[in-house]
Structure formats: C-alpha cells, structure tokens
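Enquirer: just coords:
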C-alpha cells in the first residue's frame, strides 16, 4: 500500500520535472548560459566578428572604474529609476482609486488610461519626438501660447532625460493602474463602511486602509517597475541615441554602443555584469526594506 | 462565347497546390545543378543622406538583375551607415557575411582588422579602374597599396546657402574664409526679441565630426595618422574655439540632427547649412527658394574629408560568388550608372568618363552647383581611417557637444577625447599583434 503511494509520488515528481523541463531548458539556454558566458568574456579581449579571444584578467574591470562615461550612464540610470518608478506608482495609485467606482462609462476611462501601454514603444517614441519638436512641436506651441519660454526638450542637456522620464511615466502608469485596480477590488468594502461611520476622511482611508491592504501588489509593481526601467533602451535609441553629449545615455544603451557599435564585446560584457549586480542589489534592497513590511491579508 | 475547356481544371489546380510544398522541399527539382546556375548575392546598403535613395537603389538592382541572367542580387536596406556596419559585422561573427556591402570609407581598417575583405587590386588593374576612376576617390579604399573596394558614392560636405536670404541681408558674395563666414552668419541670423526665427548657420548634426575634420584640414592639419588621432593639436583646438565663438554669438545652432538640419534649411530656419553633397538634389528641388552651393570657407587653405563609401566584397565566399560580386561592383560603378546616380542624388560620379557623358554635361550646364563638390574634392582625402573609428567618432562628437554647450573648454575636451581614442586604438592594434 505504502509502496504504491511512494511510487505514485515519484511519478508525480517525475511528471513535474518533465513539465518543467522545456522552460528550464530555455532558461538555461537563454539566461544562465549567457550570464556565465558574459562573465567569461569580461575577462577577455573579445571583438565582435572575430572568433579569437585574448585573456586580459581584470583589465576590463579596472577600465570600467576609470571610465567617466560608465559613471555618467550609471548615474543617469539611477536617476531615471529613482524618479520614474515612485512617480509612476503614485500616479497609478491615484488613478486606480479614482477609477474604482461604479459610475457609468468607467470602462471608457480605464481603457483611455491603459491605452498608452498598448502602443509599441518605438511608435510611442516617434510620437513624442514630434510632441517635443522645438520648432513645430505642440508642446512648445502650447508653452508659447501661454507666454512661457520655449524649451529645446530632447536637444537640451538638462531637459532631455526628464523629457524621456515624463514620457515613460505616461506610458507605464496605465499598466500599474490596471494591476492596482485589480488589487483594490479585493479590499473588503465593510472596512471602508466602518471607517466612514467612524468619520475617517477619504485621505486617511487611502493611507491607512487601502495602501496597507494592497501592499503585496504595490511591492510587486515596484519590482516590475525597476525591471522595466532598465528597458528604456527603446526610447533612448529612438528619441536621442544617448545625446546630447550623453545626457540621456543609460547603461543598457551604453552596453549596446560598446558591444555593437564599437565591437568591444569584452567590455560590453563587463558593463552587463555590473548592471546585473546593480539590479540584483536594488531588488534585494527593496526586498529587505519594503518587502518585509508587506501586509498579506489573512496570513501570518 | 462558348465555354472553352481549359486543360487546367480546378481539381488539377488543387492537386498542384497540395503538391507544391513537397516538390519545393526536393531541392533537385527546383535547383538543377547544370551550367547555368544562378549565383545569388546579398548586398547590404545604407541611406546616408536626405532624399528618396531607396527607390533609386532598388531600381538599379532591378536593372542589373535584368541584364545579368546568371546573377541575382538581393538588395538589403540596412538603415544608417552605423546600422549597416553592425549588421555586416554581426553576420561576419557567425561566418555568413553578405556578398557585398556599402559602408562608410572610415570603416576600412575595422573590416581589414576582421580579415573580411577581398583584395580586388588585380581585377582592378586588369580593368580600367585605375585609369578611369578619379584618383582621390579610389584612394579611400586603399590600404598599404592594395585596393579593397570600388568607390561608389563619394561625397564631401559643402556649404548650402539660401540665395533669397543672402539677397535680403544684402550679401553679394558667399563667404570664402572663416572670418567672412562668421560675419555672414551674424548678418543672416534673425531674432524676434529672445525668440530665434532663423539661424545664420547650422552644421549638420550627427556628422559634425566629419565637418570638424574639414575645419582641421582647412586650418592645415590632417587630424589623424594610421594609428592615432591628433585632435589635441593647436590647429584643431583653434577650429573648435571658432565654432564656440559662433555659438556664443548666437548665430550658429549649438546642436542639430542630420535629417533635422536638412529640414531646417528647406523650411528656411537656417540660412546656411553644412551638409553632404549627396543631399544636393533633394535640397535643390525641395526648397521653396533658390539654393546656392559653395566651397566650405577656408582658413589657411581649402579642405574637406570624403564621406560616402566603396562597395566592399566579402573574402569568405565561393570564387563564383566573388566573380559575380565583382561583376556587380563593376556595373554599379560603370560610366552610365554613375552618371545617372550622380545626377539623381548629388553624390559625385566616380569615373572621369561619367562626367564626359552627354547626360552629365547637360546636367552640369543646367545645375552648375553640381560641380562645386567635384572641384572641392581635389582638396579632400579619406575620413578618419583609424582602427576603432566608430568609438573615435563618438568621443569626438561628445567632446564637440560638451564644448558647444559650455560644459568644458575646447582644449581640455579635445585633449581628453584624443587621449581616450588613442588608448582604444592601441587596444585594437594590440590584438593584431
């Protein structure tokens, strides 16, 4: 009896592994193997298009520490992440709360705010290049009509990165909003009713009931947001190519430049490894700070 | 009309349709290996100037394929010069390069470093290449006395100017030296209070390092050698300081983009423009005013660097493919094809005989501007042919941008950029041993 049970357990485990095997295979082939390879390449002089590689030891890493452009792109990346992720989440939360009501036509508003998410990023980038155009762009026309000074947006060293950040907040808020909206639906309405009876203001209800109860989702959205923020490559590529004077150059774009434009795969691998460390570190930091304070309804 | 009995019944048609996938998977049916085998070649090309180049190239390829039964060329539009180079190098990395490609001439050392290029010196000598090509153009594909491609679309930057704007500002002649350029730019700039209506001058962004090399040459310096760049020399620093003065005076745009600057000129937002001669036809025919073309003003002497590039042939392919590729490169640079191409774009026809055709003669008579770049070409040479040129270009552009926005002083910016570039060149040279 127990033998057959053990066998069926074993079979079950075998089946599980079998079902997992395809995705594991892809994970190894397209994630773990490239990571190992880029570690190996970062210790070599590797030229794209040339099969010969030469051992360099830690030269690429010493070069990285002394590379002003690396520090600049790292700074730009950090600035971008630290501003856009919290802003997009706050905007998304406010939108979600505002749209979480049973008014007529609410679905239309929700679709409208979600719409930017569905636009392919290259197309969105091109549209914003037009919106930001210094001479004929609508944004500058509006500023001019209000009597405000016109801005050179994507050609201005100080404005180019904020301009891309603004656009990316516009693009991602709707996505976060949708996820948060789903979480809001799960908050028991009797809590709000009780709070209302006790005369708790709307703002306090948001801070002390809504936010704690949807904190698992907020946590998830934060992590996703940080991961997304490394994928701004598309916007930088389409809108500025890292310019003017590297003001919008971020780590992912710099890696592309070094690897494919300069054919320096060894150094590009070094940069990629540092990016990996940076992302892991940031996510780890979020996990031990924010992650510890997440409140799971009905658990623990 | 009686219903004719077609031999092709519906049933047969269906059967054929069903059979087709299986038949095509039998290679001996579709590709019989007899003497008339068609050689298929891929040709990767960029569009580097303003105008409808794609349509022109596609037409040329169709003409070539129609005239050569044994060769089928597939033209692959690969984006900018940078994109094209990346695609070719990536495909070299996996051992399957296209048969031919068209890069910027600066990439010569990069491709030679990858041992990717077929040496075409002997074919060229046996042909009329050395006698009929305009010497300066052929030189851009020469390294250590060997020829690695056939110059296809050489260009230089030229000074485009809005003739109406010149007349309105009371300027009777084009600037011939830097001081006159400065004065003209100041006279042509129009501001309404703080708002700018028209720049005096825009130097086409994205390729402003190419223009900068022209300024160095005009100041008596070829700013690179085979294995290093010389941007930290006083002649180069002086050139960048001159740009900064014009920007500070408010008569030259501090930054622009390649297509954007051409659009600005056509829209009348700038009165003068440094752009490639390859944009001539588009600028001339699309502008609502009379367009003038002049030499870039000089300092010590006239000077320019050649843009555009040669058709290069891959080394790693069969001899049959190499022969076919040579036939194609030879055809693309033949007398009449070059005359047509030059007239349609503004690129300089590479052959002396092209300029002697009736087509070209009547074109030059009608549009004398077309000859300005050719005349200027005798003061020009190859552009930045150093190893790691792509990084060198970005470092130089960044140094120029940072200087013009006031972040750093010209001398310091160029010294840093030169030192960094020379380190990179040394690193790439070390690989070659």
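Expert: Alright, I've got the coordinates. Only a predicted model underlies this, so the values are computations on that prediction, with no experimental measurement involved.
Enquirer: Does residue B:111 touch residue B:119 like I think?
Expert: No: judged on CB atoms under 8 Å, residue B:111 makes no contact with residue B:119 at a distance of 12.0 Å. In short, each C-beta sits where N, CA and C put it, glycine included.
Enquirer: got any residues that touch both of these two?
Expert: Here residue B:111 and residue B:119 share the contacting residues residue B:148, scored by CB atoms under 8 Å, 6 or more residues apart in numbering or on different chains.
Enquirer: Which of the three states applies to the closest residue to chain B within the stretch 201-300 of chain A?
Expert: Closest residue of the stretch 201-300 of chain A to chain B, CB to the nearest CB: residue A:245 (3.8 Å). For residue A:245, the secondary structure call by DSSP: H, G, I helix; E, B strand; the rest coil comes out as coil.
Enquirer: What sits closest to it if chain neighbours are left out?
Expert: Of all residues not flanking residue A:245 in the chain, residue B:401 sits nearest, at 3.8 Å (CB to CB, 6 or more residues apart in numbering or on different chains).
Enquirer: where does that neighbour land in three-state SS?
Expert: helix.
Enquirer: What separation do you get for it and residue A:161?
Expert: Using CB to CB, to the nearest Å, residue B:401 is found at 15 Å from residue A:161.
Enquirer: Same question for residue B:189.
Expert: Residue B:189 is 29 Å from residue A:161, by CB to CB.
Enquirer: And residue B:155, by the same measure?
Expert: 34 Å.
Enquirer: more neighbours, those two?
Expert: Neighbour totals were compared for residue B:155 and residue A:161, and residue B:155 leads with 27 against 22 (other CB atoms under 10 Å in any protein chain shown).
Enquirer: wait, isn't the more buried one in contact with residue B:275?
Expert: No: using CB under 8 Å, residue B:155 is not in contact with residue B:275, being 9.6 Å away.
Enquirer: Need the phi and psi values for the residue in the stretch 101-250 of chain B that chain A sits nearest to.
Expert: The minimum distance from the stretch 101-250 of chain B to chain A, using CB to the nearest CB, falls at residue B:114 (4.7 Å). Main-chain torsions, residue B:114, degrees, to the nearest 10: phi -90, psi 0.
Enquirer: ok, now which ones touch it?
Expert: Contacts of residue B:114 (CB under 8 Å, 6+ apart): A:47, A:49-50, B:89, B:92.
Enquirer: Enumerate the residues of the stretch 51-200 of chain A near chain B.
Expert: A:51-52, A:54, A:135, A:149-150, A:155, A:157 (CB under 8 Å from any CB of the partner chain).
Enquirer: again, but for the stretch 201-300 of chain A
Expert: Checking the stretch 201-300 of chain A against chain B by CB under 8 Å from any CB, the hits are A:243-246, A:257, A:260-264.
Enquirer: what do you get if the cut-off is 7 Å, keeping everything else the same?
Expert: Contact residues, the stretch 201-300 of chain A versus chain B (CB under 7 Å from any CB of the partner chain): A:243-246, A:260-263.
Enquirer: Check the residues you listed and tell me the two furthest apart.
Expert: Greatest spacing in these, by CB to CB: A:244 and A:263 (24.6 Å).
Enquirer: now stretch B:85-102, how far from the chain's geometric center?
Expert: 18 Å (CA atoms, centre = their mean, to the nearest Å).
Enquirer: residue boundaries of the helices in the stretch 101-250 of chain A?
Expert: Per DSSP state H, counting those that start in this stretch, the stretch 101-250 of chain A carries helices over the ranges A:106-118, A:121-131, A:138-145, A:160-184, A:189-197, A:202-205, A:211-213, A:215-229, A:233-239.
Enquirer: make that the stretch 51-200 of chain B, sorry
Expert: Under DSSP H, counting those that start in this stretch, the stretch 51-200 of chain B gives helices at B:53-67, B:81-93, B:108-113, B:121-126, B:129-132, B:135-139, B:163-168, B:178-188.
Enquirer: With respect to residue A:27, which of these lies nearest?
Expert: Short answer: helix B:81-93, nearest of those by CB to CB, at 24.4 Å.
Enquirer: Next, the buried residues of that closest one.
Expert: B:81-89, B:91-93 (16 or more other CB atoms under 10 Å in any protein chain shown).
Enquirer: Is residue B:376 in contact with residue B:154, as I believe?
Expert: No: taking contacts as CB atoms under 7 Å, residue B:376 lies outside contact range of residue B:154: 11.4 Å.
Enquirer: now stretch B:168-185, how far from the centre of its chain.
Expert: The answer for stretch B:168-185 is 28 Å, by CA atoms, centre = their mean.
Enquirer: Please list the residues outside that stretch that contact it.
Expert: B:159, B:161, B:187-188, B:200-201, B:242, B:246, B:251-252, B:272, B:292, B:294, B:297-299 (CB atoms under 7 Å, 6 or more residues apart in numbering or on different chains).
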